[in-house]
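Asker: here is my input; please provide its structure:
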Amino acid sequence: MAEPRSGPGGPRRAGPPVRLREGELAWRFSRSGGPGGQHANTADTRVSLSVDVAATESLTAEQRERALRRLSGRLSGTVLTVTVEEHRSQARNRDLARERLAGLLSWAVAPGPRSRRPTRPTRGATERRIAAKKRRSQVKRMRGRGGAEE
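Answerer: Modelled structure (predicted):
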């Protein structure tokens, strides 16, 4: 299974699992392309699963707003659609579509990273840094024209 991604390729922060009501999901089935012979020509194995993110009651108002903001590039209006045609079986594609939709929504509703708390370097760290700079400066001064020793 592929590693989860965030946008163009970074890691995803998974949120709490999202449970959608079956009545909020819209399923569409169509013929999948690719090999499969006579079976592929007659069976509707491609699965498109859609959910209206703005209208779902499975998310709180805050989660809905966050999901709409994070998924803005994938939405058609306020509807999120996932299409799967990896397997020859419609049942397997349905399961995979449900899994992917839930994963996308749980990523979209997850809270962002905590804000950074500013810290200061310790006195010892500052003194070590200054001492190292002085040593380096001394090394460089001794190069070249026989720098004067102090």
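
Asker: hey, let's count contacts and neighbours off CA atoms from now on
Answerer: Will do.

Asker: roughly how far does P121 sit from G33?
Answerer: Using C-alpha to C-alpha, to the nearest Å, one obtains 60 Å as the distance from P121 to G33.

Asker: okay, those two: which has more neighbours?
Answerer: More crowded of P121 and G33, by other C-alpha atoms under 10 Å: G33, with 12 against 8.

Asker: okay, that one: pLDDT?
Answerer: The predicted structure scores G33 at 75 on the pLDDT scale.

Asker: can you verify it is assigned to a strand?
Answerer: No - applying DSSP: H, G, I helix; E, B strand; the rest coil, one finds G33 to be coil, outside a strand.

Asker: for this structure, which spans come out with low pLDDT?
Answerer: Within the chain, the set of residues satisfying pLDDT under 70 comprises 1-16, 34-37, 39-41, 145-150.

Asker: break down it into its helices, ranges please.
Answerer: Using DSSP state H, the helices assigned to the chain run over residues 37-42, 61-70, 90-109, 123-142.

Asker: Serialize these to JSON lines and add fields for mean neighbour count and distance to E22.
Answerer: Formatted as JSON lines, the entries for those read as follows, by neighbours: other C-alpha atoms under 10 Å; distance: least, C-alpha to C-alpha, whole Å:
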{"stretch": "helix 37-42", "mean neighbour count": "12", "distance to E22": "27"}
{"stretch": "helix 61-70", "mean neighbour count": "17", "distance to E22": "18"}
{"stretch": "helix 90-109", "mean neighbour count": "20", "distance to E22": "10"}
{"stretch": "helix 123-142", "mean neighbour count": "12", "distance to E22": "58"}
